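Student: Please find the sequence and the predicted model below.
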Amino acid sequence: MKLILASSSPRRAAILENAGIRFERRPTEIDESPLAGESAEDSVVRLAEEKAWKVSRGVAGPAIVIGADTLVVLDGEVMAKPRSAEEAREMLRRLSGRTHTVTTGIAALRLPDGTTVRGAEHTAVTFATLSENEIDAYVATGEPMDKAGAYGVQERAGRFVMRIEGCYFNVVGLPLARLYAMLKELGWQADSE
């Protein structure tokens, strides 16, 4: 049964590749605006499922389509991808010296029957205290601009992370162990098994 990743994220693809999981990548775009009164967890799970269903429309034959969406939450406020360098700086200032939560919603949709397994993974991440120079230098790299919370733990910002409580891969954008369990639940078997 083939796997299809409904994402343009090179980070999510690298997680699967490094785990030895064969898949196709089919990027998709959806409206990622939160719904009124929707929690961060409900939002990421809904968006993950929408991505999987959108990609599934063009898939023939037995397959599992994987959708994912990640948000950073600090003090109950969602930090999505920054829209400007100044917004990225402000996010990093707020994260400095504090612990926040990374929440990833994941949905695995089996075709052709449409059975879907979905859920959310939460990881606590503690940042060191950052100087304005460190923030400016990091923002100048351009790395923060396509990442929730304005940082990528697997890149230069990894040096700012003091502690991770939970799944590291969740912070990168795809909780690998949870996904693996979901795939097995849907009847998928790894090539090496």
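Tutor: Cool, the structure landed.

Student: Spatially central, which residue of this protein would that be?
Tutor: Gly173 (2.7 Å; Cα atoms, centre = their mean).

Student: show me what contacts that residue?
Tutor: Neighbour list for Gly173: 9, 11-12, 15, 68, 70, 104 [criterion: Cβ atoms under 8 Å, 6 or more residues apart in numbering]. Glycine gets a C-beta too; all of them are placed from N, C-alpha and C.

Student: Cross those against strands and list the overlap.
Tutor: Counting by DSSP state E, the part of the contacts of Gly173 found in strands is 68, 70, 104.

Student: Any buried residues in stretch 168-178, and which?
Tutor: Neighbour-count burial for stretch 168-178 flags 169-176, 178 (criterion: 16 or more other Cβ atoms under 10 Å).

Student: what's the first-to-last distance across it?
Tutor: Counting by Cα to Cα, to the nearest Å, you get 12 Å between the two ends of stretch 168-178.

Student: list the buried ones in the lengthiest helix in the chain?
Tutor: Ranked by residue count, the top helix of the chain under DSSP state H comes out as helix 40-56. Neighbour-count burial for helix 40-56 flags 40-41, 43-56 (criterion: 16+ other Cβ under 10 Å).

Student: Check the secondary structure at Val125 for me.
Tutor: strand (DSSP: H, G, I helix; E, B strand; the rest coil).

Student: tell me the contacts of it?
Tutor: 99-102, 153, 161, 163-165, 171.

Student: ok, 10 Å please
Tutor: 72, 74, 95, 98-102, 149, 151, 153, 160-166, 168, 170-171 (Cβ atoms under 10 Å, 6 or more residues apart in numbering).

Student: who's it bridged to?
Tutor: Bridge pairing for Val125 (DSSP bridges) gives the partners His100, Ile164.

Student: With secondary structure as extra columns, can I get the buried residues of stretch 168-178 in TSV?
Tutor: Listed next are these as TSV, based on three-state DSSP:
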residue	secondary structure
Phe169	helix
Asn170	helix
Val171	helix
Val172	helix
Gly173	coil
Leu174	coil
Pro175	coil
Leu176	helix
Arg178	helix
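
Student: okay, those residues in CSV with distance to Pro27 next?
Tutor: Formatted as CSV, the buried residues of stretch 168-178 follow (distance: Cβ to Cβ, whole Å):
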residue, distance to Pro27
Phe169, 20
Asn170, 21
Val171, 21
Val172, 17
Gly173, 14
Leu174, 14
Pro175, 20
Leu176, 20
Arg178, 22
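
Student: what helix or strand does Ala108 sit in?
Tutor: Element membership of Ala108, judged by DSSP states H and E, is strand 99-111.

Student: which secondary structure elements does that strand contact?
Tutor: In terms of contacts (3 or more Cβ pairs under 10 Å, 6 or more residues apart in numbering; DSSP states H and E), strand 99-111 is packed against strand 2-5, helix 40-56, strand 63-74, strand 77-79, strand 116-127, strand 161-165, helix 168-172, helix 176-185.

Student: now that strand and strand 161-165, what's the angle there?
Tutor: 50 degrees (axes from the mean of the first three to the mean of the last three Cα atoms, to 10 degrees).
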